[in-house]
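S.K.: sequence unknown, structure follows:
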């Protein structure tokens, strides 16, 4: 009977849902911070007399910081532990969010937004691989997809803050920025309630600590369900312990080794495709509306409908990922994104543009639910956080490039060019994940990653 087989046979119950809620709150505030900046820009422009170029830098500050935060969180998560990184990232994010709220000038505000973005990026990259290591194989797809769904609540909260706080309260934009720092109060709760990942502990030879955490989880699950625990399946699979020290060089060397290159290429491509398309479309939609002579883009109703559509998008994809497998769910929602983007392009009336935009939001965010579930599953325990962080960071390159590439395409090729380019990117993602993607549904993390060529490669890198 292995420690991790005992963990995998536990039915989902209250202790798992507490972890889901804790991680979900982190994602809620990450989503809120990303979305609220759009509502701060007009006030910041008026306060400091900013031009459009300076406003653009504020808009890019969070994705820029996110990229570096995701990389750092992954590497640190594999060296010092997932829990520590999650807590440090939260504190880092909150401190610089407060600094941004009280910034005396544009330069300090911009710097604080970059660093707060790094904290949010670190949190975003570590939560999914961390919590995926607690969940039984049969429910991991739903659990992590639902976890990612908490991003959507943050977007809705940002829209509500933008509507009810920013324009109605003196210095409302600073108050809104300060609200994004509220998760700092969760630190004490997280410190007391969050266990370290047993898989990380086993991979680092800390079996006694892992045993203590698994035993407590077993007691809590038994108490919550009121039933005896299921029998433990026979398996000897364990996380590899003969592994190189994790740093950026060793991580890249392993991820792009012959044993891992296919998995890495698929997951990096999917992250790039969805993030490029997401930021490309949503930075371009206002232009479409202006070209149609519509001012609905500035209305509360438009924003809230678009943001609300994220919620069923995330949770429907989480549900489907258990039934269709992660890779087919991702392909389905990417294809749905392409179709709804074309539909959006054909609309002229405000209501039809809003409806098509909501459907597009549904599919794009549903894709994210599948991607967040899929990513931690394809990397071994010793490098799971680094693999997830680097994949997320590569996706951020797409978010940085998308507005520029889409803008150039719109200027030279017109709307048809924009649509053709983005559809081609989405189609490439569909083909890549369907043809080359790994089936992960119902398989334990050890079955997926802790045998064969990946283990052999890790051992060779230690020599």
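M.R.: Here it is on my side, so go on. As the structure is a prediction and not an experimental result, all values here were calculated from the model. Numbers count the residues shown, from 1 in each chain.

S.K.: quick one: contacts for residue 113?
M.R.: Residue 113 sits next to 37, 58, 61-62, 65, 96, 100 when contact means C-beta atoms under 8 Å, 6 or more residues apart in numbering. For the C-beta atoms, the positions are set from N, CA and C on the backbone; glycine is no exception.

S.K.: My understanding was that residue 375 contacts residue 388; is that so?
M.R.: Yes. Between residue 375 and residue 388 a contact is recorded at 5.0 Å, counting by C-beta atoms under 8 Å.

S.K.: Next one: residue 155 relative to residue 309, how far apart?
M.R.: 10 Å (C-beta to C-beta, to the nearest Å).

S.K.: In the stretch 201-350 of the chain, where is pLDDT below threshold?
M.R.: 235-237, 282-303 (pLDDT under 70).

S.K.: still on that earlier bit, Serialize the contacts of residue 113 to CSV and add fields for secondary structure.
M.R.: Shown next, in CSV, are these (DSSP: H, G, I helix; E, B strand; the rest coil):
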residue, secondary structure
37, helix
58, helix
61, helix
62, helix
65, helix
96, helix
100, helix
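
S.K.: related to what we said a few turns ago, neighbour count for residue 375 and residue 388, which is higher?
M.R.: Of the pair residue 375 and residue 388, residue 388 is the one with more neighbours under other C-beta atoms under 10 Å, namely 31 against 26.

S.K.: The nearest residue to that one once chain neighbours are set aside: how many residues sit nearby?
M.R.: Distances taken as C-beta to C-beta, 6 or more residues apart in numbering put residue 129 closest to residue 388, at 4.5 Å, once the chain neighbours are dropped. Burial of residue 129 is recorded as 31 neighbouring residues (other C-beta under 10 Å).

S.K.: if I pick residue 129, what's in contact with it?
M.R.: 77, 82, 375-376, 379, 384-385, 387-388.

S.K.: quick one: which of the contacts of residue 113 is most hemmed in?
M.R.: residue 100 leads the contacts of residue 113 on contacts (other C-beta under 10 Å) with 27 neighbours.

S.K.: Distance of it relative to residue 214?
M.R.: Residue 100 is 41 Å from residue 214, where distance means C-beta to C-beta.

S.K.: Which of the three states applies to residue 243?
M.R.: Using three-state DSSP, the structure places residue 243 in coil.

S.K.: tally of neighbours for it?
M.R.: Residue 243: 22 surrounding residues under other C-beta under 10 Å.

S.K.: Show the contacting residues for it.
M.R.: So residue 243 contacts 203, 380, 382-383, 458-459, 461-462 (C-beta under 8 Å, 6+ apart).

S.K.: and if you look at residue 198?
M.R.: 3-4, 7, 133-134, 210, 213-214.

S.K.: and it, how far is that from residue 218?
M.R.: 11 Å.

S.K.: For residue 138, give me its contacts.
M.R.: Neighbours of residue 138 in contact, by C-beta under 8 Å, 6+ apart: 322, 442.

S.K.: do that again at 7 Å, thanks
M.R.: residue 442 (C-beta atoms under 7 Å, 6 or more residues apart in numbering).

S.K.: for the one 3 residues further on, same thing?
M.R.: Residue 141 makes contacts with 321-322, 326, 373, 441, as judged by C-beta under 7 Å, 6+ apart.

S.K.: ok, now residue 221?
M.R.: Residue 221 neighbours (C-beta under 7 Å, 6+ apart): 10-11, 13, 15, 229.

S.K.: Just put these in TSV and tack on neighbour count, distance to residue 117 and secondary structure.
M.R.: Converted to TSV, the contacts of residue 221 look like this (neighbours: other C-beta atoms under 10 Å; distance: C-beta to C-beta, whole Å; DSSP: H, G, I helix; E, B strand; the rest coil):
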residue	neighbour count	distance to residue 117	secondary structure
10	22	36	coil
11	15	38	coil
13	17	35	coil
15	20	32	helix
229	14	42	coil
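
S.K.: could those be laid out in TSV, adding distance to residue 175?
M.R.: Formatted as TSV, the contacts of residue 221 follow (distance: C-beta to C-beta, whole Å):
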residue	distance to residue 175
10	43
11	44
13	39
15	36
229	49
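
S.K.: now for these, which pair is the farthest apart?
M.R.: 15 and 229 (12.4 Å; C-beta to C-beta).

S.K.: Strands of this structure, residue ranges please.
M.R.: Taking DSSP state E, the chain contains no strands at all.

S.K.: Can you pull the domain assignment for it?
M.R.: 1-231, 247-453 (the TED database).

S.K.: For residue 241, find the nearest of the ones you listed.
M.R.: The nearest among the domains of the chain, by C-beta to C-beta, is domain 1-231 at 6.1 Å.

S.K.: ok so, going back, from the contacts of residue 243, keep the buried residues only.
M.R.: 203, 380, 382-383, 458 (16 or more other C-beta atoms under 10 Å).

S.K.: Okay, and which of these map to helices?
M.R.: In helices, defined here by DSSP state H, the members of those are 203, 458.

S.K.: Let me know the closest of the buried ones among the contacts of residue 243 to residue 364.
M.R.: The shortest approach to residue 364 among the buried ones among the contacts of residue 243 belongs to residue 383, at 28.4 Å (C-beta to C-beta).

S.K.: Looks like residue 9 contacts residue 222 (just checking).
M.R.: No. Using C-beta atoms under 7 Å, residue 9 makes no contact with residue 222, being 12.0 Å away.

S.K.: where do the contact lists of these two overlap?
M.R.: Taking C-beta under 7 Å, 6+ apart as the contact rule, residue 9 and residue 222 both touch residue 229.

S.K.: which one of the two has more residues nearby?
M.R.: residue 9 (18 against 15).

S.K.: So which of the contacts of residue 141 sit within helices?
M.R.: 321-322, 326, 373.
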